[in-house]
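A.B. asks: just to be clear, the model below is a prediction. Sequence and coordinates:
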Amino acid sequence: MRISSPSYYKKINDFQEEVSFTSLRQSPHPHHTVTLYTKFVGLEKKLFTRLHIKEVKRGMADQGLEGSQPVDLSKHPSGIVPTLQNIVSTVNLDCKLDLKAIALQARNAEYNPKRFAAVIMRIREPKTTALIFASGKMVCSGAKSEQPSKLAVRKYARIIQKLGFPAKFKDFKIQNIVGSCDVKFPIRL
């Protein structure tokens, strides 16, 4: 889209002078408030959209912001709240594993060493998939928040214990969190 009217460019210049860049002030303390100031976020058909985010507390993933819950505008002034879609976590079972034995004895487990060097195991509740490696390391994905991810990893560890391996639960860590949200304006890439 190309617009050449002088008023259009004046609007852009005024907007850029007012906003220039997003200001971000971060507190060195992990639980303090992060403040974002007005930001110019999009242009579409001569429309200027500003995103006002005044205060965002760190640790939004811990607040359980999922699904279509009503938005508390005092916490989220923009009205934009991400929905958690996937959590990837890892754990060390602290023992060597015989993947062939696990694949033959466990339900919902598949192992094709020519294709991938891990057993792929699935459980229904919470609906997750685990990659279990011979070194004793495990990667779990598919959970919608931190607690179901931890519960799923514990269930996988328990399954492996029942198969006769001295599996422990060491170094549980959330590696990745995927969220999505509707920003309510077109994003021009």
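C.D. replies: Yes, it's here.
A.B. asks: quick one: low-confidence ranges for this structure?
C.D. replies: Flagging of the chain using pLDDT under 70 yields the residue ranges 1-69.
A.B. asks: using PDB, write out every CA atom in stretch 102-121.
C.D. replies: Once non-C-alpha atoms are left out, stretch 102-121 reads as follows in PDB (Å, rounded to 0.1, in the frame of the first residue of the first chain):
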ATOM      1  CA  ILE A 102      11.000 -50.500  27.400                       C
ATOM      2  CA  ALA A 103       9.500 -50.500  23.900                       C
ATOM      3  CA  LEU A 104       8.600 -54.200  24.200                       C
ATOM      4  CA  GLN A 105       7.100 -54.100  27.700                       C
ATOM      5  CA  ALA A 106       5.400 -50.600  27.900                       C
ATOM      6  CA  ARG A 107       2.100 -49.600  26.300                       C
ATOM      7  CA  ASN A 108       1.900 -46.700  23.900                       C
ATOM      8  CA  ALA A 109       5.700 -46.900  23.300                       C
ATOM      9  CA  GLU A 110       7.400 -47.000  19.900                       C
ATOM     10  CA  TYR A 111      11.100 -47.500  19.100                       C
ATOM     11  CA  ASN A 112      12.700 -47.500  15.800                       C
ATOM     12  CA  PRO A 113      16.500 -47.100  16.300                       C
ATOM     13  CA  LYS A 114      17.100 -46.600  12.500                       C
ATOM     14  CA  ARG A 115      14.800 -43.600  12.500                       C
ATOM     15  CA  PHE A 116      15.300 -42.000  16.000                       C
ATOM     16  CA  ALA A 117      17.500 -42.900  19.000                       C
ATOM     17  CA  ALA A 118      14.800 -42.700  21.600                       C
ATOM     18  CA  VAL A 119      11.600 -44.400  22.700                       C
ATOM     19  CA  ILE A 120       8.600 -42.300  22.000                       C
ATOM     20  CA  MET A 121       6.000 -42.800  24.700                       C
END
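A.B. asks: and the contacts of that stretch?
C.D. replies: 99-100, 122-123, 129-134, 156, 159-160, 163, 165 (C-beta atoms under 8 Å, 6 or more residues apart in numbering). Where C-beta positions appear, they are placed from N, C-alpha and C, glycine not excepted.
A.B. asks: looking at these, which are in strands?
C.D. replies: Among the contacts of stretch 102-121, the subset assigned to strands under DSSP state E consists of Arg122, Ile123, Thr129, Ala130, Leu131, Ile132, Phe133.
A.B. asks: dump those residues to a markdown table, plus distance to His76.
C.D. replies: What follows is the ones in strands among the contacts of stretch 102-121, written out as a markdown table (distance: C-beta to C-beta, whole Å):
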| residue | distance to His76 |
| --- | --- |
| Arg122 | 34 |
| Ile123 | 33 |
| Thr129 | 31 |
| Ala130 | 33 |
| Leu131 | 35 |
| Ile132 | 38 |
| Phe133 | 39 |
